[in-house]
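Peer 1: sequence first, predicted coordinates after that:
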Amino acid sequence: MPRRAASPAPARGAAVPRLAGLRAAAALLCAVLCAGPGRAEPFPFPFPFQDPALPWHRRLDDLLGRLTPSELVLQVARGGALGNGPAPPIPRLGIAPYNWNTECLRGDGEAPGWATAFPQALGLAAAFSPELVYRVANATATEVRAKHNAFAAAGRYGDHTGLSCFSPVLNIMRHPLWGRNQETYGEDPFLSGELARSFVQGLQGPHPRYIKASAGCKHFSVHGGPENIPVSRLSFDAKVLEQDLRTTFLPQFQACVRAGSYSFMCSYNRINGVPACANKKLLTDILRGEWGFEGYVVSDEGALELIMLGHHYTRTFLETAVASLNAGCNLELSYGIRNNVFMRIPQALAEGNITLQMLRDRVRPLFYTRMRLGEFDPPAMNPYSALNLSVVQSPEHRNLSLEAAVKSFVLLKNSRGTLPLRAQDLPGKRLAVVGPFADNPRVLFGDYAPVPEPRYIYTPRRGLETLPVNVSFAAGCHEPRCQRYSRAEVVGAVGAADMVVVCLGTGTDVETEARDRSDLSLPGHQLELLQDAVQAAAGRPLILLLFNAGPLDVSWAQAHEAVGAILACFFPAQATGLAIARVLLGEAGASPAARLPATWPAGMHQVPPMENYTMEGRTYRYYGQEPPLYPFGYGLSYTTFRYQDLVLIPPVLPICSNLSVSVVLKNMGQRDGEEVVQLYLRWEQPSVPVPRWQLVAFQRVAVLAGRDTKLSLRIPAEQRAVWAQGWRLEPGSFTLFAGGQQPEQQLRVPSEVLSAQFTVTGAARPLREC
């Protein structure tokens with residue numbers, strides 16, 4: 001069963017923790033809940049698997065031993081989606097239906113009914129705040145659980161009514177044009193792993209016995225485009241070097257296992273010729289053998305059918321069922337086909353291609369997950385069973401959505417102190433807000449978005465109308481592709497304004513699942529719209545807001561003096577306009593501090609082919625010699641910081657020892673602010689190829705104006721490990737950089753980057769021996 005960082009699942013032979021007299025509590029509950037009229041004593045639970053006082057492994061043994069082969073098959077074949085779910089009930093055992101198909105990327109996505117919409121995942125990553133991601137995931141789970149309770153009470157078990165989430169997305173943002181960049185945590189494996197840990201633990205909750213909702217890390221693995229350009233994701237073969245597989249595409253998934261995720265989703269693609277969902281090396285040797293994962297693997301939607309139909313790896317669904325089940329897949333999420341791949345399992349059993357014990361082993365973690373969700377315990381024992389719809393879209397969750405949006409904005413440019421605006425100067429001023437993202441709620445959310453009530457959605461226009469200014473509006477073009485453009489509309493609004501906010505970007509019309517971009521350009525006539533707005537503004541303050549995931553070529557705006565400020569907003573969801581208003585004014589707690597979670601290339605000449613999976617020339621870790629437009633980790637502030645007194649303890653350390661780092665951070669400005677402190681490691685004498693440097697620690701910290709704070713961070717020995725047919729620690733010299741950005745960047749924030757060297761002594765040894 002899945003390992004949990006805070007509360008490990010007991011081994012099969014272990015006793016269940018007493019939890020303040022669990023057996024007595026269970027008996028008491030049964031006396032209250034189970035006793036019928038005239039009974040002096042509570043009757044026992046009908047089946048041992050329903051007895052909460054028994055260890056998990058005994059309950060599972062009992063339950064699995066009662067299921068017929070046909071019942072076992074239906075449990076693995078009905079993963080949900082388009083009529084392929086729910087997993088059917090087993091009335092003779094009192095087991096209800098269960099739907100495994102739930103999306104929880106940043107809210108209860110695609111589910112019936114309203115839900116709080118938090119910023120898209122890439123924006124959350126820009127906040128560089130594991131603590132924020134934890135709270136967003138926990139709030140998401142609260143709403144998912146509350147709605148599930150209501151669905152179950154009403155007998156509704158359709159798609160997106162369950163508690164098992166296909167989230168988070170841990171694929172690396174390796175290519176700027178990939179359509180699903182928005183769902184990821186960016187291009188760095190360490191950052192992605194740290195945020196994955198927080199998301200998984202936040203979603204599953206802190207209870208020692210029950211999980212609020214179960215996490216599922218996807219898409220496993222080597223999955224980062226293409227979607228449709230130049231070829232389809234449904235038949236793509238990602239040819240990857242073992243070095244890149246181990247150092248870029250797998251680390252964040254291992255972090256997910258360590259965090260205690262209950263499931264993984266295998267991806268559509270092949271990896272060096274073998275489909276991910278039939279890949280024994282991936283699903284068994286690495287995931288379970290090396291990492292100790294004990295949960296279940298679910299296929300991406302239709303991925304099992306595509307093993308035959310898209311990849312032509314097998315000739316029949318029977319061969320496909322045998323290959324994927326033997327490789328380690330537990331659950332099929334099909335395209336809605338009732339007679340799907342796993343419905344061939346009875347034939348595979350009859351022909352001896354798989355054993356009944358293997359089938360039971362594949363079903364086991366499915367029911368273990370349901371047990372940990374509390375399904376087979378008396379509801380009164382599980383505090384999450386009491387959650388009701390009153391918590392959905394609660395004021396606390398709406399405020400968290402606003403806070404998350406504020407913390408996700410990256411200030412890319414701020415010339416001549418354009419921002420923040422002075423509140424005292426605003427009354428009576430005329431502000432024009434223009435562009436296809438200025439007042440179109442649909443384009444502000446990104447994909448896999450929850451649907452909040454319209455009254456809680458603030459577009460940029462609606463948010464700016466809360467300020468004491470006279471707001472005028474012109475879309476210029478009414479959809480992100482901006483094929484039809486009205487110059488007169490934009491010029492008319494801008495020409496009559498004292499200040500201008502231009503809202504441009506992409507949205508799911510341009511980049512999303514199954515839709516890659518072909519270049520970095522602003523879509524359609526958007527650049528022309530910006531240039532017309534600059535000309536009409538005639539030197540009056542102009543601020544550019546960007547709503548996108550994949551990087552955009554805004555080099556014209558970066559270079560042009562008339563564009564005073566550029567703010568990357570990603571897809572902030574329901575609180576967009578309120579967050580913009582707060583950040584433009586620099587209100588308390590709203591000074592920009594986010595950092596780019598991915599590199600923005602300077603042009604298409606820096607963009608390698610989508611289908612080439614080498615990491616050479618990709619991401620900050622392996623970027624070429626020419627500087628990008630904006631580097632990973634970059635972002636400005638309304639104040640300035642100074643780093644000093646970088647100390648490494650010890651400066652000489654044994655091969656297996658951890659490094660302690662301290663640095664003093666001072667706010668040199670007149671405004672309170674937050675800073676993302678970033679530590680990067682450089683190997684000076686590696687024996688194998690390594691990144692030019694690697695993020696190894698970060699911390700978002702608030703510092704009052706004129707004050708300083710001393711930060712202490714720890715660099716575990718495994719951060720120094722290199723891949724050499726296995727993870728290995730090597731002696732030698734290393735350099736540690738500390739600052740608010742990467743070292744040696746052409747585009748710089750005002751603070752300096754400090755550096756210090758340390759030495760590792762002793763003989764090289766495998767990491768597992770430390």
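Peer 2: Nice, I can see it.

Peer 1: give me the phi and psi for Gly673.
Peer 2: Phi and psi for Gly673, reported as degrees, to the nearest 10, are phi -160, psi 170.

Peer 1: how about Pro766?
Peer 2: The phi/psi pair for Pro766 (degrees, to the nearest 10) is phi -60, psi 140.

Peer 1: with Ala537 instead?
Peer 2: phi -70, psi -30.

Peer 1: before we move on, what about the one 10 residues further on?
Peer 2: Main-chain dihedrals, Phe547, degrees, to the nearest 10: phi -120, psi 100.

Peer 1: now the residue nearest to it when sequence neighbours are not counted: how far from Val676?
Peer 2: What sits nearest to Phe547 in space, not counting adjacent residues and going by Cβ to Cβ, 6 or more residues apart in numbering, is Gly505, at 3.3 Å. Any C-beta I mention is one placed from the backbone N, CA and C, and that applies to glycine too. Here the criterion is Cβ to Cβ, to the nearest Å. By it, Gly505 lies 23 Å from Val676.

Peer 1: look up phi and psi at the residue nearest to Phe547.
Peer 2: Residue torsions, per degrees, to the nearest 10, at Gly505 are phi 160, psi -150.

Peer 1: equivalent analysis for Lys666, please.
Peer 2: Taking degrees, to the nearest 10 as the convention, Lys666 sits at phi -120, psi 130.

Peer 1: give the closest residue to it in space, chain neighbours not counted.
Peer 2: Asp708 (3.7 Å).

Peer 1: what's the burial count for that neighbour?
Peer 2: For Asp708, the tally of surrounding residues (other Cβ atoms under 10 Å) stands at 15.

Peer 1: and the gap between it and Glu675?
Peer 2: Taking Cβ to Cβ, one finds Asp708 at 11 Å from Glu675.

Peer 1: okay, and the common contacts of these two?
Peer 2: Residues touching both Asp708 and Glu675 (Cβ atoms under 8 Å, 6 or more residues apart in numbering): Leu665, Asn667.

Peer 1: and Gly505 and Val676? Which one has more around it.
Peer 2: Remark: of Gly505 and Val676, Gly505 carries more neighbours, 25 against 21, as counted by other Cβ under 10 Å.

Peer 1: show the contacting residues for the more buried one.
Peer 2: Listed by Cβ under 8 Å, 6+ apart, the contact set of Gly505 reads Pro436, Phe437, Val443, Pro480, Leu546, Phe547, Asn548, Leu552, Cys569.

Peer 1: in strands only, show me those.
Peer 2: Taking DSSP state E, the ones among the contacts of Gly505 that sit in strands are Leu546, Phe547.

Peer 1: switch the contacts of Gly505 over to JSON lines; also include pLDDT, distance to Val391 and neighbour count.
Peer 2: Converted to JSON lines, the contacts of Gly505 look like this (pLDDT from 0 to 100; distance: Cβ to Cβ, whole Å; neighbours: other Cβ atoms under 10 Å):
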{"residue": "Pro436", "pLDDT": "98", "distance to Val391": "35", "neighbour count": "27"}
{"residue": "Phe437", "pLDDT": "98", "distance to Val391": "31", "neighbour count": "28"}
{"residue": "Val443", "pLDDT": "98", "distance to Val391": "28", "neighbour count": "23"}
{"residue": "Pro480", "pLDDT": "98", "distance to Val391": "34", "neighbour count": "26"}
{"residue": "Leu546", "pLDDT": "99", "distance to Val391": "33", "neighbour count": "23"}
{"residue": "Phe547", "pLDDT": "98", "distance to Val391": "29", "neighbour count": "29"}
{"residue": "Asn548", "pLDDT": "98", "distance to Val391": "32", "neighbour count": "26"}
{"residue": "Leu552", "pLDDT": "98", "distance to Val391": "37", "neighbour count": "25"}
{"residue": "Cys569", "pLDDT": "98", "distance to Val391": "28", "neighbour count": "26"}
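
Peer 1: dump the contacts of Gly505 to TSV, plus distance to Ser472.
Peer 2: Shown next, in TSV, are the contacts of Gly505 (distance: Cβ to Cβ, whole Å):
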residue	distance to Ser472
Pro436	16
Phe437	16
Val443	20
Pro480	21
Leu546	21
Phe547	20
Asn548	25
Leu552	25
Cys569	21
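
Peer 1: relative to Leu177, which of the contacts of Gly505 is nearest.
Peer 2: Leu552 (10.8 Å; Cβ to Cβ).

Peer 1: burial of Arg682, as a residue count?
Peer 2: Arg682: 18 surrounding residues under other Cβ under 10 Å.

Peer 1: so it sits against Gln719, correct?
Peer 2: No: look at Arg682 against Gln719 with Cβ atoms under 8 Å: they stay out of range, at 12.0 Å.

Peer 1: need the overlap of contacts for those two.
Peer 2: Gln694.

Peer 1: helices of the stretch 151-300 of the chain, residue ranges please.
Peer 2: Assignment of helices within the stretch 151-300 of the chain using DSSP state H, counting those that start in this stretch yields the ranges 189-204, 242-244, 251-259, 280.

Peer 1: most tightly packed of those?
Peer 2: Mean neighbour count, computed with mean count of other Cβ atoms under 10 Å, is highest for helix 189-204 among the helices of the stretch 151-300 of the chain, reaching a mean of 26.

Peer 1: quick check: angle from that one to helix 251-259?
Peer 2: Interaxial angle, helix 189-204 versus helix 251-259 (axes from the mean of the first three to the mean of the last three Cα atoms, to 10 degrees): 30 degrees.

Peer 1: so Thr140 makes contact with Pro119?
Peer 2: No: counting by Cβ under 8 Å, Thr140 does not reach Pro119; the two are 11.9 Å apart.

Peer 1: the more surrounded of these two?
Peer 2: Pro119 (35 against 29).

Peer 1: ok, back up a step: now, among the contacts of Gly505, which is nearest to Gly295?
Peer 2: Closest approach to Gly295 among the contacts of Gly505 (Cβ to Cβ): Asn548, at 34.2 Å.

Peer 1: quick one: contacts for the closest one?
Peer 2: Contacts for Asn548 (Cβ under 8 Å, 6+ apart) come out as Gly505, Thr506, Gly507, Glu511, Ala568, Phe570.

Peer 1: tell me where the stretch 401-550 of the chain has helices.
Peer 2: 460-464, 487-495, 526-537.

Peer 1: tell me the most buried of the ones you listed?
Peer 2: It is helix 460-464: most buried of those by mean count of other Cβ under 10 Å, with a mean of 23.

Peer 1: extract the CA atoms of stretch 610-627 and return them as PDB.
Peer 2: Output in PDB follows, covering the C-alpha atoms of stretch 610-627 (Å, rounded to 0.1, in the frame of the first residue of the first chain):
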ATOM      1  CA  MET A 610       9.400  19.100 -30.200                       C
ATOM      2  CA  GLU A 611      10.000  15.400 -30.900                       C
ATOM      3  CA  ASN A 612      13.600  15.400 -29.900                       C
ATOM      4  CA  TYR A 613      13.800  14.200 -26.300                       C
ATOM      5  CA  THR A 614      17.500  15.000 -25.500                       C
ATOM      6  CA  MET A 615      17.800  17.700 -22.900                       C
ATOM      7  CA  GLU A 616      20.600  19.400 -24.600                       C
ATOM      8  CA  GLY A 617      19.700  23.000 -25.200                       C
ATOM      9  CA  ARG A 618      16.500  22.700 -23.100                       C
ATOM     10  CA  THR A 619      15.600  24.300 -19.800                       C
ATOM     11  CA  TYR A 620      17.900  26.400 -17.700                       C
ATOM     12  CA  ARG A 621      19.900  23.300 -16.700                       C
ATOM     13  CA  TYR A 622      21.200  22.700 -20.200                       C
ATOM     14  CA  TYR A 623      20.500  26.000 -22.100                       C
ATOM     15  CA  GLY A 624      22.800  27.200 -24.900                       C
ATOM     16  CA  GLN A 625      25.200  30.000 -24.700                       C
ATOM     17  CA  GLU A 626      22.800  32.700 -26.100                       C
ATOM     18  CA  PRO A 627      20.700  34.200 -23.300                       C
END
